[in-house]
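> Mind looking at a prediction? Sequence and model below.
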Amino acid sequence: MLDLSTTYLGLKLKNPLVASASPMSKKVERAQRLEEAGIAAIVMYSLFEEQIIHESMEIDYFLTRGENSAEAFSYLPDSGTYAMTPGKYLDHLSLLKKSVGVPVIGSLNGVSKGGWVRYARFMQEAGADALELNLYYLPTDPSLSSADVENAQVELVAEVKAGISIPLAVKLSPYYTSLPSAARRFVEAGADGLVLFNRFYQPDFDLDELEVVHNLDLSASTDLRLPLRWISILHGVIAADFALTSGVHTAQDTLKAMMAGAKVAMMASNLLHNGERVVAAMLSELGWWMEAHEYESIRQMQGSMSRQSVAEPAAFERANYMRVLNSWREVR
């Protein structure tokens, strides 16, 4: 009998398919349908550092001034920018945890140390089985060195970990000068798992209105290649559970993630575009492929195509760059 189970952050999961942070978790009924379709765990949509600071500043103002001045709040972010206040987020997390039987992972998005970090513990108290800290940061100050940025993030990870007893995963971008070194430092600071990678949504220009516009572009299977490469390189080198996210759309994508060394394959775009019905279809195809290729379990294949396991490790390195360039042939 096929064994699709895996472990991630110490959690025993029935299969490697995890719903990553997205609007899918904003409604309990949608989360329940995900569970019924076969999803193994759900990552809550993110609570942002800015949301917490905004609410704290409002409370402080009312306590110290006792009046509501629209002018006084003109420098604050519009509260309508965010879907849910911190308090309501925690209430929803607690309700979601009580409404589904699969693990629920809280998501905290922030980059600086401060009082907002205590919400990591609040998420634990609300019932979160684990916490995902999303380090979404774009440095724009040329006086800030890469070491400054990395040191601040490492300190943040250590501070968050010190405040909780549940497992902690850190969601990273690929934009580090030395990703293996940064990954090691985050694990040494307390990260139990690493989620690769955060997708940076890029702005565009509206040439008619001469404005900067933001569009949400969903991922495609081709986006899998970047996290696939780095998990393959880091597997067996960094002592952490890896989650692959960005580009998981098919059973084949999931299989590749497992062979690279990931413990779970996280997806959001696929679910947002096609709905929860894709989960059952992917699991069915996953089982069929494993039977056809004589795999008995997911664990059997995890890391089997990592850099440490393949016959040609250089395929993940500079030699691969030259080979790809030389593979092009002019069409006549």
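Yes, it's here. Numbers count the residues shown, from 1 in each chain.
> which residues in the stretch 151-300 of the chain form helices?
Ranges of helices within the stretch 151-300 of the chain are 179-188, 225-234, 251-260, 269-274, 277-292, 298-301, based on DSSP state H, counting those that start in this stretch.
> again but with the stretch 1-150 of the chain, I slipped
28-37, 49-65, 86-99, 119-126, 146-162.
> Out of those helices, which gets the lowest mean score?
Mean pLDDT is lowest for helix 49-65 among the helices of the stretch 1-150 of the chain, at a mean of 60.
> and residue 221, how many neighbours does it have?
Here the number of neighbours of residue 221 (other Cβ atoms under 10 Å) works out to 14. Bear in mind the C-beta positions are built from the backbone N, C-alpha and C, glycine included.
> so what's the backbone phi/psi at the residue nearest to it when sequence neighbours are not counted?
Leaving aside its sequence neighbours, residue 221 sits nearest to residue 249 (Cβ to Cβ, 6 or more residues apart in numbering; 4.8 Å). Per-residue torsions, residue 249: phi -130, psi -20 (degrees, to the nearest 10).
> Number of residues surrounding residue 249?
Other residues close to residue 249 by other Cβ under 10 Å number 22.
> Please give the element, helix or strand, for the residue nearest to residue 313 when sequence neighbours are not counted.
Here the nearest residue to residue 313 in space, its sequence neighbours aside, is residue 307; by Cβ to Cβ, 6+ apart that works out to 4.9 Å. Using DSSP states H and E, residue 307 maps to neither a helix nor a strand.
> residues contacting residue 307?
Residues in contact with residue 307 (Cβ atoms under 8 Å, 6 or more residues apart in numbering) are 232, 233, 235, 236, 313, 316.
> could you dump the helices of the stretch 1-150 of the chain to TSV with distance to residue 241 and mean neighbour count?
Listed next are those as TSV, based on distance: least, Cβ to Cβ, whole Å; neighbours: other Cβ atoms under 10 Å:
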stretch	distance to residue 241	mean neighbour count
helix 28-37	21	17
helix 49-65	25	15
helix 86-99	21	17
helix 119-126	18	20
helix 146-162	15	17
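> Columns distance to residue 207 on top of the ones you listed, output as TSV?
Formatted as TSV, these follow (distance: least, Cβ to Cβ, whole Å):
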stretch	distance to residue 207
helix 28-37	37
helix 49-65	30
helix 86-99	38
helix 119-126	41
helix 146-162	33
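> Tell me where the protein is predicted with low confidence.
55-84, 315-316, 318-332 (pLDDT under 70).
> what pairs with residue 193 across the strands?
residue 169, residue 241 (DSSP bridges).
> tally of neighbours for it?
Per other Cβ under 10 Å, the neighbour tally for residue 193 reads 24.
> Ok, the one 10 residues further on next?
Using other Cβ under 10 Å, residue 203 is surrounded by 9 other residues.
> ok, now how distant is it from residue 259?
According to Cβ to Cβ, to the nearest Å, residue 203 stands 35 Å off from residue 259.
> who's in contact with residue 146?
By Cβ under 8 Å, 6+ apart, the contact list for residue 146 reads 176, 177.
> Which residue is the nearest non-sequential neighbour of residue 119?
Nearest non-adjacent residue to residue 119 (Cβ to Cβ, 6+ apart): residue 52, at 5.9 Å.
> Look up how far residue 307 lies from the one you found.
39 Å.
> Repeat that for residue 116.
Relative to residue 307, and taking Cβ to Cβ, residue 116 is found at 37 Å.
> what about the residue lying closest to residue 303 once chain neighbours are set aside, neighbour count?
In space, and not counting its chain neighbours, residue 303 is closest to residue 261: 4.1 Å by Cβ to Cβ, 6+ apart. For residue 261, the neighbour count with other Cβ under 10 Å is 28.
> Number the chain from 140, please
Yes, from this point I'll number from 140; that puts the last item at residue 400.
> what's the neighbour count on residue 163?
23.
> how near is it to residue 169?
To residue 169, residue 163 is 5 Å away according to Cβ to Cβ.
> Now list whatever residues contact both of those two.
Residues within reach of residue 163 and of residue 169 at once, by Cβ under 8 Å, 6+ apart, are residue 415.
> Next, the contact list for residue 322, please.
311, 333, 373, 377, 379.
> For burial, what's the neighbour tally of the fourth one?
When neighbours are counted by other Cβ under 10 Å, residue 377 registers 21.
> For it, list the residues it contacts.
By Cβ under 8 Å, 6+ apart, the contact set of residue 377 is 319, 322, 323, 326, 333.
> What of the second one?
With Cβ under 8 Å, 6+ apart as the criterion, the residues that contact residue 333 are 308-311, 322, 325-326, 373, 377, 379-382.
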